[in-house]
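> One predicted model, sequence on top.
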Amino acid sequence: MSADPVTLLWPLDRLASALEQLAVRAGYDARAVESRVPDPTAEPSRAWMNALAARMGVEVEPVVPQYRELPLVLRRAWPAMLQVRVNGLPHYLVLLGTSRGKARLLGPDGSVTLVDGGAVTRLMRREKQGRAAAEVDQLLAGVPRAPARGRVRERMLLQRLGDQQLRTCWMVRPAPSARPAALLGTVPALLVKILLNHALLSLLLAGSFWMLGRAALQAHLEMGWFTGWIALLACAIPLRLLEVWWQGLFSLQLGGVLKQQLLAGILRLSPDEIRLDGAGRHFGRVIESEAVEQLALGGGLLAILSLLDLGIAGAILGQGAGGRVQVVALGAWTLLALLLAGRHYLAQRRWALQRIEVTHELIERMIGHRTRLAQLPRERWHAGEDAALADYHETSRVMDRRTTQLVSALPAGWLVLALLTLVPSFADGRTPTTALAVSLGGTLLALRAFDEISGFFQQLSLAAASFEQIRHLLLAVRRPEQISALPLELETEALDAVGGKGATLLEGRGISFRHGERSRPVLDGCALRISRGDRILLEGPSGGGKSTLVSLLTGLRAPNAGVLLLRGLDHASFGAIGWRRRITAAPQFHENHVLSQSFSFNLLMGREWPASEQSLAEAESICSELGLDDLIARMPGGLSQPIGETGWQLSHGEKSRLYIARTLLQGAELVILDESFASLDPETMGVAVRCVLKHAPSLIVVCHP
């Protein structure tokens with residue numbers, strides 16, 4: 001009998017221990033963290049859970065499943081912590097995995113128990129059923145108790161409650177900077193399965209080649225041998241299907257890890273690194289990242305399998321008529337294949353670099369097209385384009401020639417070489433037919449491997465050249481991220497819990513900063529003091545360092561000298577996330593963006609998502625105060641209306657007010673608006689200023705004199 005999941009519930013006061021043990025059991029190398037839940041009667045906030053996970057070295061993602069989709073979540077969302085209410089208090093089931101309708105749950109005593117998945121589903125749904133379950137039971141009171149009655153009851157409850165949301169659960173996954181074994185998960189085991197399956201498949205194919213070769217040399221094929229040949233081919237079919245299925249899973253899982261690492265690396269880049277490369281190079285790297293995923297995951301795995309085929313072919317040739325001569329010939333030809341692949345990689349690398357530069361120049365010229373038409377004489381509009389395209393054409397021609405050598409000459413050359421090594425055995429006349437058949441089988445298997453590997457090496461060289469362009473993103477993931485040194489309870493406290501109006505909020509002394517290797521600092525010996533409730537206007541000429549100061553205050557840049565204190569503590573004490581929770585800014589218009597998502601997503605992207613009803617109501621209220629209620633009323637989907645390049649188009653003034661609302665909704669202690677009112681007319685600016693003064697606890701407005 002399956003265990004009762006109620007006996008495996010973790011109380012709220014052991015939530016940190018449950019998360020730690022779950023991460024360790026999943027292989028994520030979590031660190032132990034001593035902490036207590038702020039309120040033992042209510043579920044912890046998302047900020048508290050994220051801070052706890054960051055200190056442990058893992059990541060958590062909130063999942064709010066609907067009533068109808070709960071079974072699917074249980075099958076796919078593990079490892080996870082599932083919230084269950086008992087007597088009004090939150091408890092948690094620690095889910096390690098599911099298999100064949102059974103859930104593996106970690107109990108408070110550290111034991112792992114198999115529990116029926118249906119029992120877990122019923123327990124999590126019990127709180128939501130409530131009155132609806134009583135009404136359904138009343139409707140079914142006259143129905144005889146039978147197995148069908150239970151199914152009818154479940155269908156009726158599903159019909160009534162299917163779209164309602166259950167309690168927040170938490171998916172657990174390794175941090176992007178975790179060791180490769182934790183990130184890859186089951187990928188290495190899947191690779192081993194693929195290799196073993198492919199080895200068995202290659203042996204079956206080699207056996208079929210041997211049977212055909214034996215029959216050809218003896219000029220007849222007996223019925224028994226023919227039946228055996230058919231049986232070998234029949235056995236190869238399910239193995240081939242299984243290999244294709246596993247290869248698909250391998251590519252999906254490894255591709256997911258690669259995308260996560262690239263995204264994490266991009267988010268770790270500094271603003272200066274992003275500006276230095278420009279839009280064109282970033283666009284080129286996006287293309288290169290897709291090439292790495294598609295080519296490396298496909299060509300890389302198949303190249304490994306082809307090398308495995310060559311190893312099996314070498315073992316078979318060693319038992320054939322050619323003996324060591326053919327084995328040596330196979331080894332020499334394999335080395336030649338690697339040499340050709342290396343030469344092809346060098347040409348591919350030069351081609352990839354020039355392609356990125358051509359893409360960069362094209363995009364930069366497109367962005368600045370109007371400026372070029374206005375400022376440059378006609379004869380200089382296309383200066384340098386022909387030379388760049390000529391170099392690119394020559395590099396492409398060299399690469400195409402080496403591709404032809406790799407793809408065409410390699411398989412055909414091996415077949416000629418292998419047959420030449422068998423000439424003495426055929427001429428001898430005394431070589432056993434079986435040995436000749438073995439040699440032919442090994443030769444054909446190696447021919448198949450060379451035919452595949454030539455194309456795969458071509459893909460791999462392209463992927464390797466592309467990988468060099470995104471390698472710095474993967475290295476950026478390893479950059480250390482500052483974690484708050486404060487006790488967890490203080491880090492996630494309410495932002496208005498410390499200090500009253502007039503108390504010092506932010507203080508800086510002797511702050512200096514210079515960009516890169518420039519000799520002249522942008523800021524030198526800067527000092528400031530900001531108190532809670534202050535309203536500060538920061539003016540200065542263009543290039544005077546206003547935006548640089550804003551980036552220092554928000555933690556995007558670190559000063560070269562001096563000290564900057566928030567509530568008397570430095571940036572390292574709060575950590576990167578804690579500092580950004582308390583100080584937020586709306587950058588200048590050209591550095592802010594509207595994403596191709598819903599209006600509500602663009603408003604609340606600095607808060608929890610999916611958004612709660614309270615957050616949506618607060619966002620709608622802020623928009624109304626900013627004069628955006630008419631815009632929302634015009635949009636068919638209201639706050640859910642898609643906006644951006646593929647959706648509803650916003651004017652400059654509407655975008656500016658969207659950026660202001662986005663900043664205010666983050667609930668920070670200090671709000672910084674960098675020229676946010678520049679594109680507003682006087683009347684609209686007055687409305688926006690009144691809204692900002694009402695909702696910003698402390699405020700800095702940056703503008704030109």
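All right, it came through fine.

> Break down the stretch 451-600 of the chain into its helices, ranges please.
Taking DSSP state H, counting those that start in this stretch as the criterion, the stretch 451-600 of the chain contains helices spanning 488-491, 546-553, 571-582, 599-604.

> Include mean pLDDT, distance to Asn50 and mean neighbour count when you put those into JSON lines, please.
Where C-beta positions appear, they are placed from N, C-alpha and C, glycine not excepted. What follows is the helices of the stretch 451-600 of the chain, written out as JSON lines (pLDDT from 0 to 100; distance: least, C-beta to C-beta, whole Å; neighbours: other C-beta atoms under 10 Å):
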{"stretch": "helix 488-491", "mean pLDDT": "64", "distance to Asn50": "10", "mean neighbour count": "18"}
{"stretch": "helix 546-553", "mean pLDDT": "86", "distance to Asn50": "23", "mean neighbour count": "22"}
{"stretch": "helix 571-582", "mean pLDDT": "83", "distance to Asn50": "8", "mean neighbour count": "19"}
{"stretch": "helix 599-604", "mean pLDDT": "89", "distance to Asn50": "16", "mean neighbour count": "23"}
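
> In TSV, list those helices along with distance to Ala313.
As requested, the helices of the stretch 451-600 of the chain are exported to TSV (distance: least, C-beta to C-beta, whole Å):
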stretch	distance to Ala313
helix 488-491	59
helix 546-553	60
helix 571-582	54
helix 599-604	55
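
> between the ones you listed, which gets nearest to Leu665?
Taking C-beta to C-beta, helix 599-604 is the member of the helices of the stretch 451-600 of the chain nearest to Leu665, at 6.0 Å.

> Could you point out the helix or strand that follows the closest one?
Moving toward the C-terminus from helix 599-604, the next helix or strand (DSSP states H and E) is helix 613-625.

> which helices and strands does that following helix pack with?
Where contact means 3 or more C-beta pairs under 8 Å, 6 or more residues apart in numbering; DSSP states H and E, helix 613-625 is packed against helix 599-604, helix 629-634, helix 652-664, helix 682-695.

> repeat that with 6 Å
In terms of contacts (3 or more C-beta pairs under 6 Å, 6 or more residues apart in numbering; DSSP states H and E), helix 613-625 is packed against helix 599-604, helix 652-664.

> would you list the ones you listed in CSV and tack on distance to Pro108?
As requested, the helices and strands packed on helix 613-625 are exported to CSV (distance: least, C-beta to C-beta, whole Å):
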stretch, distance to Pro108
helix 599-604, 36
helix 652-664, 42
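
> follow-up on the earlier one: which stretch among the helices of the stretch 451-600 of the chain approaches Leu239 most closely?
Closest to Leu239 of those, according to C-beta to C-beta: helix 599-604, at 46.5 Å.

> From Gly544, how far out is Ala337?
With distances taken as C-beta to C-beta, to the nearest Å, Ala337 is found 61 Å from Gly544.

> Compare neighbour counts for these two and give me the winner.
Ala337 (23 against 15; other C-beta atoms under 10 Å).

> check contacts around the more buried one.
Leu410 (C-beta atoms under 6 Å, 6 or more residues apart in numbering).

> Now do it against Ala661, distance only.
60 Å.

> Same check on Ala23?
Distance of Ala23 to Ala661, given as C-beta to C-beta: 37 Å.

> Could you look up the SS state of Val172?
Three-state assignment for Val172 (DSSP: H, G, I helix; E, B strand; the rest coil): strand.

> That one contacts Trp78, doesn't it?
No - using C-beta atoms under 6 Å, Val172 makes no contact with Trp78, being 8.6 Å away.

> Looking at these two, which one has more neighbours?
More neighbours surround Val172 than the other of Val172 and Trp78, with 23 against 20 (other C-beta under 10 Å).

> Next up, the contacts around the closest residue to Leu269 other than its chain neighbours.
The shortest distance from Leu269 to any residue other than its chain neighbours is 5.9 Å, reached at Ala476 (C-beta to C-beta, 6 or more residues apart in numbering). The neighbours of Ala476, taking C-beta under 6 Å, 6+ apart as the test, are Gly265, Arg268, Leu269.

> how much space between the second one and Gly653?
Going back to what we said before, that points to Arg268. In terms of C-beta to C-beta, Arg268 sits 34 Å off from Gly653.

> secondary structure class for Glu43?
Taking three-state DSSP, the label given to Glu43 is coil.

> Now it: phi and psi?
As for Glu43, its main-chain torsions (degrees, to the nearest 10) stand at phi -70, psi 140.

> ok, now Pro636?
Given degrees, to the nearest 10, the pair of backbone angles that Pro636 has is phi -60, psi -40.

> check contacts around it.
Shown in contact with Pro636 (C-beta under 6 Å, 6+ apart): no residues.

> measure it to Leu603 for me?
Taking C-beta to C-beta, one finds Pro636 at 17 Å from Leu603.

> what about Val94, which helix or strand?
Val94 belongs to strand 89-99 when assigned by DSSP H and E.

> now the following helix or strand past that strand: mean pLDDT?
Sequence order places strand 102-106 as the next helix or strand after strand 89-99, per DSSP H and E. Strand 102-106 carries an average pLDDT of 88.
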